[in-house]
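In: sequence and predicted model, in that order:
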Amino acid sequence: MAASLKSHSEGQTMVLTISNPDHRNALGPEMYAAGVEALNAAESNPDVRSVVICGDGAHFCAGGNLQRLLGNRDKGRDVQAASIDGLHSWIETIRSSSKPVIAAVEGACAGAGFSLALTCDLIVAARNAVFVMAYSNVGLSPDGGATWSIPHLLPRATAMRLLLLGDRCSSDELERLGVVSAVCDPGEAVASALGMAERVNGRAPNTLASIKELVNDAPATPLHAHLNNERDHFVRNLFHDNGGEGISAFLEKRTPRYR
């Protein structure tokens with residue numbers, strides 16, 4: 001069965017399914033361009049309020065296809081570099097999207113699959129999911145932003161344990177560490193992620209976009225500049241139609257109708 005990235009809608013949520021079940025949903029270049037295209041389509045469509053990324057069947061994503069990577073050794077460095085650039089374009093598109101992106105993780109979440117999940121804004125994981133930065137286990141260094149995401153999320157000692165030793169982590173452990181947003185029963189990750197997406201979809205899109213932008217920019221922005229950015233976003237959102245609607249709905253004790 002050919003590897004692909006499938007897309008369908010659930011209400012106001014775009015669902016992207018990594019589909020390569022013969023190889024535990026291993027990633028490949030054909031998925032990266034499709035991922036960028038799908039996120040760009042979501043960005044330009046006001047009817048899409050959020051995105052859920054999941055795997056086809058029992059696993060989220062086992063990372064890269066090792067047979068393909070081994071074969072790339074005979075094709076030259078440029079082929080592999082171009083493939084990683086494609087993955088990184090997808091990673092950057094997820095991070096820069098104004099729409100919240102939720103990873104729904106079942107089973108294996110390894111290597112670049114783990115990197116992909118870490119790029120998402122929220123992670124919902126089945127209790128029996130297994131997370132592993134598998135790169136060092138096969139003589140490789142990470143890609144997909146793993147060496148950026150993990151040190152930003154975890155203390156250095158924990159980050160280095162995951163990256164250097166390739167230790168496996170459970171959903172419960174990553175929830176305790178603040179990496180996983182919610183843990184659910186096996187087989188319920190997509191449903192739980194869609195429930196979370198529905199909560200997100202009920203909020204003002206411009207407010208969610210501001211929060212993502214501010215959080216993304218915070219690590220590299222000095223406090224004074226960041227405070228100015230917060231001020232500018234707050235003022236812009238207050239004077240947006242949704243700001244008036246949100247405050248009025250709260251005072252009138254009704255559900256807001258954002259657009």
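Out: Yes, it's here.

In: the chain: helices as residue ranges?
Out: Ranges of helices in the chain, per DSSP state H, are 29-44, 66-72, 77-96, 112-119, 146-153, 156-165, 171-176, 189-201, 205-217, 223-238, 241-251.

In: check these for me: which has the lowest mean pLDDT.
Out: Sorting those by mean pLDDT places helix 66-72 lowest, at a mean of 89.

In: returning to that earlier point: now the helices of the chain as TSV including distance to residue 140 and mean neighbour count?
Out: For every residue, glycine as well, the C-beta is placed using N, CA and C. TSV is the format used below for these (distance: least, C-beta to C-beta, whole Å; neighbours: other C-beta atoms under 10 Å):
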stretch	distance to residue 140	mean neighbour count
helix 29-44	17	17
helix 66-72	8	14
helix 77-96	11	16
helix 112-119	10	27
helix 146-153	11	17
helix 156-165	11	14
helix 171-176	22	18
helix 189-201	27	20
helix 205-217	27	16
helix 223-238	36	12
helix 241-251	45	13
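
In: in CSV, list the ones you listed along with distance to residue 55.
Out: As requested, the helices of the chain are exported to CSV (distance: least, C-beta to C-beta, whole Å):
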stretch, distance to residue 55
helix 29-44, 11
helix 66-72, 17
helix 77-96, 15
helix 112-119, 8
helix 146-153, 18
helix 156-165, 21
helix 171-176, 15
helix 189-201, 9
helix 205-217, 24
helix 223-238, 34
helix 241-251, 34
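
In: which one is residue 39 nearest to, not counting chain neighbours?
Out: Nearest non-adjacent residue to residue 39, counting by C-beta to C-beta, 6 or more residues apart in numbering: residue 93, 4.5 Å away.

In: thinking again about what came up before, of the helices of the chain, which approaches residue 129 most closely?
Out: helix 171-176 (4.8 Å; C-beta to C-beta).

In: by contact count, what packs against that closest one?
Out: Contacts defined by 3 or more C-beta pairs under 8 Å, 6 or more residues apart in numbering; DSSP states H and E place helix 171-176 against strand 122-126, strand 182-184.

In: and among the ones you listed, the most buried is which?
Out: strand 122-126 (a mean of 26; mean count of other C-beta atoms under 10 Å).

In: list the contacts of that one.
Out: 100-107, 109, 117, 131, 171, 174-175, 179-189, 192-193, 196 (C-beta atoms under 8 Å, 6 or more residues apart in numbering).

In: tell me the angle it makes with helix 189-201.
Out: Counting by axes from the mean of the first three to the mean of the last three C-alpha atoms, to 10 degrees, strand 122-126 lies at 150 degrees to helix 189-201.

In: using CSV, write out every CA atom in strand 122-126.
Out: C-alpha atoms of strand 122-126 as CSV (Å, rounded to 0.1, in the frame of the first residue of the first chain):
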residue,chain,number,x,y,z
LEU,A,122,-1.4,20.0,21.9
ILE,A,123,-0.7,16.3,22.2
VAL,A,124,-3.5,13.8,23.1
ALA,A,125,-2.0,10.3,23.7
ALA,A,126,-3.4,6.9,24.4
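
In: could you give the mean pLDDT of it?
Out: 98.

In: list the neighbouring strands of it plus their orientation.
Out: Sheet pairing of strand 122-126 (DSSP bridges) gives strand 101-105 (parallel), strand 182-184 (parallel).

In: compare those and give me the one nearest residue 220.
Out: strand 101-105 (20.6 Å).

In: for the closest one, which outside residues touch it?
Out: 39, 50-55, 60, 94, 116-117, 119-126, 129, 131, 171, 180, 189-190, 192-194, 196-197, 200.
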